[in-house]
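Colleague: I need the structure of the sequence given here:
(4 chains)
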Protein chains: 2
Amino acid sequence: MPKSPGQILKNKSGYKINGSLWIEFKGLRFFGPGPVELLLLIRETGSIRQAAKKMEMSYQKAWAIIKTLNGQSSQPLVIVQSGGKKGGGTELTADALELISYYTQLRKRFESFLQNETKRMGAG
Amino acid sequence: MPKSPGQILKNKSGYKINGSLWIEFKGLRFFGPGPVELLLLIRETGSIRQAAKKMEMSYQKAWAIIKTLNGQSSQPLVIVQSGGKKGGGTELTADALELISYYTQLRKRFESFLQNETKRMGAG
DNA sequence: TGGCGTTATCTTTTATAAAAGATAACGAAA
DNA sequence: TTTCGTTATCTTTTATAAAAGATAACGCCA
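Modeller: Take a look at the predicted model:
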């Protein structure tokens, strides 16, 4: 009877199966945990700059993500305005909210998978 | 009725759900696709150096991986010998083979998950 | 018109990881 | 004891990504 991974590895427990999930297009990933967090913070703050700051991401990178996302969707996911009442601002479209919701549920199903596999690893 | 991701994103098709899987210990991953490929090539070539070369990895990095793997398992996964008949050599233990087999099967189950989710994304 | 905070977009600097280079040690065999 | 190809382990260089810095533009409002 072959050993289970749990028997092969040191420190009987403390191991787990983990992973990352994303939507990719033509082999390169364009929607994953990072963009999701950014979008959520934009919804919360109404500003790309403030959102980026909250997650300790540079504004330039945040803006690049937004640009990519808008470029990949039929209609913009994010409406940006420079200048105006409070200097400008940013808001999400319904499509963006829908995409966030989709990814959240997808991730939840993935968590189940991971939890199940972690159990399986220990038992053998 | 809300849009499906497939409707939100451009180019109706060409998208897929993809991801990565690994075993982690105390938050840091230590066994994933890279180490697996390396072990397989070591089994094939009998040499860390040749294995590293085949997968275009530097010897130094390959050796660091081996060191970590051996350190994390109850018994060594890889038996290395410097000097000797042909200058030295490396071979895998039964535990290593078992771990490779485990990961391979795990990845296979993950592939099913991904394929299923990709379908689901399109349909909505 | 001038001020404000934001978006938009450069260029330059910094940090991090990967690779490369160099060299010693190993141990069997000729 | 010399040779060989490997392991073992430094230090140095290179490549890549991320961040930082700088500056213009935007458009409302006082």
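Colleague: low pLDDT regions in chain A?
Modeller: A:12, A:123-124 (pLDDT under 70).
Colleague: hmm, try it at 50
Modeller: Judged by pLDDT under 50, chain A has its weakly predicted residues at A:124.
Colleague: Any idea how far the strand or helix carrying residue A:16 is from the middle of the chain?
Modeller: With elements taken from DSSP states H and E, the one containing residue A:16 is strand A:15-25. Centroid separation between strand A:15-25 and its chain, computed with CA atoms, centre = their mean, to the nearest Å, is 10 Å.
Colleague: Could you check the angle that strand makes with strand B:15-25?
Modeller: Angle between the axes of strand A:15-25 and strand B:15-25 is 160 degrees (criterion: axes from the mean of the first three to the mean of the last three CA atoms, to 10 degrees).
Colleague: What strands line up against the helix or strand following strand A:15-25, and which way round?
Modeller: Tracing the chain past strand A:15-25, the next element assigned as helix or strand by DSSP H and E is strand A:28-31. In the sheet, strand A:28-31 lines up against strand A:15-25 (antiparallel) (DSSP bridges).
Colleague: quick one: contacts of stretch A:73-81?
Modeller: Stretch A:73-81 is contacted from outside by A:39, A:42, A:48, A:66, A:69-70, A:88-93, A:95-96, A:99, B:7-10, using CB atoms under 8 Å, 6 or more residues apart in numbering or on different chains. The C-beta positions use only the backbone N, C-alpha and C, and glycine is treated the same way.
Colleague: Please, a PyMOL command that selects the buried ones among the residues you listed?
Modeller: To isolate the buried members of the contacts of stretch A:73-81 in PyMOL, using 16 or more other CB atoms under 10 Å in any protein chain shown:
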select buried, (chain A and resi 39+42+48+66+69+70+89+90+92+93+95+96+99) or (chain B and resi 8+9)
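Colleague: so which of the contacts of stretch A:73-81 are also by DNA strand C?
Modeller: Among these, the ones lying near DNA strand C by CB under 7 Å from any atom of the strand are A:48, A:66, A:88, A:89, A:90.
Colleague: Brilliant, that's me finished.
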